[in-house]
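Trainee: What follows is a protein structure lacking sequence information:
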Ligand SMILES: Nc1ncnc2c1ncn2[C@@H]1O[C@H](COP(=O)(O)OP(=O)(O)OP(=O)(O)O)[C@@H](O)[C@H]1O
């Protein structure tokens, strides 16, 4: 009951929700005998033991190391209905390298434990089939990688992607689109998953060619959903952005040099630009510096204004990561303070018809 009303109130407030997920100890950490310094006090509070005593942080939900992918998705999947209903929805994962971002968003390597992205694909089409008597829903997607301040289209081969220039633009509704990148239609969850796998393979080839790890780049997937109501002719345009951010650790700790340093600087720049946008939104400043970085430009329609946003802050339980864990939790606390004003993107029957016949662009 308490949870139900909590969710209801949070939805009405429309603020950015932040979920914290603690991964289990890794084998090397366990073998080394690292102490566990992170614990959940309850569903909403996490405690970190530091050299200067305990620090407590509160989020919209805490998932402990034993939480399953099903449980995590259970609390996420209402947002997918919102995107179909015409809201802009963004789900993104933030945290240091190895903290479980990819596990949460994509799943494990063997895909025995799929994460939010593949589960979302299935859910979109489940909702579509449940409503096929009432709505006609069209799904299309783009998939981009942001590496060293350069956007790459993951739906084409790396060779082709390298010669293309992608620019982020906004359409009349304020929805971000990637000009110069492929947008592909998908008629089933299987088709969407095949596109995603192709994108991951292209990402892997590009990363191997350049001798970089794919976790040093940001992955951005945009899924557009257009749903037409058969009864009254209204059309809703929703967008779901799924973002797996690059690792947030600072360059100093990893001892980065040259190319790695450029990479780390670019990651730091984009994550701090994201922090600046978040800060401007949370203090309700009139100017929000979205244009300072390609990451914030890409996420512009998903942060603030007309959006429902869910951030995962992924953390390690081990004492050896205490500094990064604290930094991530402090960053996530800032995010929690933002209030969005989520509104549906909807056209009346008449406007939708005009657009269809080319009378409005
Ligand atoms: N909740 C979890 N349950 C089981 N294993 C997990 C969990 N979270 C992470 N792992 C495992 O921990 C390792 C690191 O996780 P993952 O690759 O997701 O981290 P990451 O934050 O995405 O790192 P990177 O920034 O390098 O991509 C992986 O082997 C992953 O399978």
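Mentor: Received the coordinates, thanks. All figures in this text were calculated on a predicted structure; none of them were measured in a lab.
Trainee: Which strands or helices does the helix or strand encompassing residue 308 pack on?
Mentor: Residue 308 is part of strand 307-315 when elements are defined by DSSP states H and E. Contacts defined by 3 or more Cβ pairs under 8 Å, 6 or more residues apart in numbering; DSSP states H and E place strand 307-315 against strand 17-22, helix 78-84, strand 88-94, helix 101-105, helix 322-336. Quick note: C-beta positions are derived from backbone N, CA and C, even for glycine.
Trainee: Could you export the ones you listed as TSV, including distance to residue 180 and mean pLDDT?
Mentor: Compiled in TSV, the helices and strands packed on strand 307-315 are given as follows (distance: least, Cβ to Cβ, whole Å; pLDDT from 0 to 100):
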stretch	distance to residue 180	mean pLDDT
strand 17-22	33	94
helix 78-84	24	89
strand 88-94	22	93
helix 101-105	25	96
helix 322-336	30	90
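Trainee: Determine which stretch of the ones you listed is the most buried.
Mentor: Most buried of the helices and strands packed on strand 307-315, by mean neighbour count (mean count of other Cβ atoms under 10 Å): strand 88-94, with a mean of 26.
Trainee: okay, the angle between that strand and strand 17-22?
Mentor: Relative orientation of strand 88-94 with respect to strand 17-22: 30 degrees, computed using axes from the mean of the first three to the mean of the last three Cα atoms, to 10 degrees.
Trainee: touching the ligand at all, strand 88-94?
Mentor: No - Strand 88-94 lies out of reach of the ligand by Cβ under 6 Å from any ligand atom, never closer than 7.3 Å.
Trainee: residues from the stretch 251-361 of the chain in reach of the ligand?
Mentor: Counting by Cβ under 6 Å from any ligand atom, the stretch 251-361 of the chain sits next to the ligand at residue 314.
Trainee: what residue ranges in the stretch 251-361 of the chain score low on pLDDT?
Mentor: 251-257, 338-361 (pLDDT under 70).
Trainee: Setting the sequence-adjacent residues aside, check what's closest to the residue in it positioned nearest to the ligand.
Mentor: Closest approach between the stretch 251-361 of the chain and the ligand, counting by Cβ to the nearest ligand atom: residue 314, at 5.6 Å. Nearest non-adjacent residue to residue 314, counting by Cβ to Cβ, 6 or more residues apart in numbering: residue 95, 3.4 Å away.
Trainee: Pretty sure that neighbour sits against residue 327.
Mentor: No - with contacts counted by Cβ atoms under 8 Å, residue 95 stays clear of residue 327, the gap being 9.9 Å.
Trainee: What is the neighbour count of the residue nearest to residue 314?
Mentor: 29 (other Cβ atoms under 10 Å).
Trainee: The one 5 residues further on now?
Mentor: When neighbours are counted by other Cβ under 10 Å, residue 100 registers 22.
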